[in-house]
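J.: A predicted structure for the sequence below; I have some questions about it.
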Amino acid sequence: VQLVESGGRLVEAGGSLGLSCAASGLNINGYVMAWFRQAPGKDREFVAAITWNGRITNYAPSVEGRFTISRNAARNANLTTYLQMSNLQSEDTAAYYCAAYVSYGVPSSAPSDYDYWGQGTQVTVSS
């Protein structure tokens, strides 16, 4: 399984940005996809997650209403997960990581539940 994030860059406060996570080597069915972030000197933090069928999403309170997670639905296409971020603030500055694990329940917010991780993409919000 390989997860590759893209889209991170420098953005001004109040701006918007979209991240993508391209997954290969996994079956679409059953995989929860999530985004985490980690700022320098801080623990890895849950951002958002989505079930394998896209029907259930879970957001951290700090991003609820500003960030939207989605995934492509085509069964035969490579799985891509997106994170659309708006009204970005300086506290959103972090390395953003894509993660995956198999579950048919409510998506977990615990990093320890996730089996696969990408290398991360840096988002920097300037104030």
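T.: Received it, and whenever you're ready, just let me know what you need. Numbers count the residues shown, from 1 in each chain.

J.: residues contacting Tyr82?
T.: Gly18, Leu19, Ser20, Cys21, Thr68, Ile69, Ser70, Arg71 (CB atoms under 8 Å, 6 or more residues apart in numbering). Where C-beta positions appear, they are placed from N, C-alpha and C, glycine not excepted.

J.: nearest residue to the first one other than its sequence neighbours?
T.: Nearest residue to Gly18 in three dimensions, chain neighbours excluded: Gln84, at 5.0 Å (CB to CB, 6 or more residues apart in numbering).

J.: one step back: neighbour-wise, which of the contacts of Tyr82 leads?
T.: Neighbour counts for the contacts of Tyr82, by other CB atoms under 10 Å, peak at Cys21, which reaches 26 neighbours.

J.: who's it bridged to?
T.: Applying DSSP bridges to Cys21 gives these bridge partners: Glu5, Thr81.

J.: do the same with Thr121
T.: With DSSP bridges applied, Thr121 shows beta-bridge pairing to Tyr96.

J.: find the centremost residue of this protein, please.
T.: Trp35 (2.2 Å; CA atoms, centre = their mean).

J.: ok, and the closest non-adjacent residue to it?
T.: Trp35 sits nearest to Val47 (CB to CB, 6+ apart), 4.2 Å away.

J.: where does this protein have low pLDDT?
T.: 73-77 (pLDDT under 70).

J.: ramachandran coordinates for the residue nearest to Gly18?
T.: phi -100, psi 120 (degrees, to the nearest 10).

J.: quick one, what contacts it?
T.: With contact set as CB under 8 Å, 6+ apart, Gln84 has these partners: Ser16, Leu17, Gly18, Leu19, Phe67, Thr68, Ile69, Ser70.

J.: rebuild the contacts of Tyr82 as CSV, extending it with secondary structure and distance to Arg9.
T.: Formatted as CSV, the contacts of Tyr82 follow (DSSP: H, G, I helix; E, B strand; the rest coil; distance: CB to CB, whole Å):
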residue, secondary structure, distance to Arg9
Gly18, strand, 10
Leu19, strand, 10
Ser20, strand, 12
Cys21, strand, 16
Thr68, strand, 18
Ile69, strand, 19
Ser70, strand, 20
Arg71, strand, 22
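
J.: I'm done for today, thanks for sticking with me.
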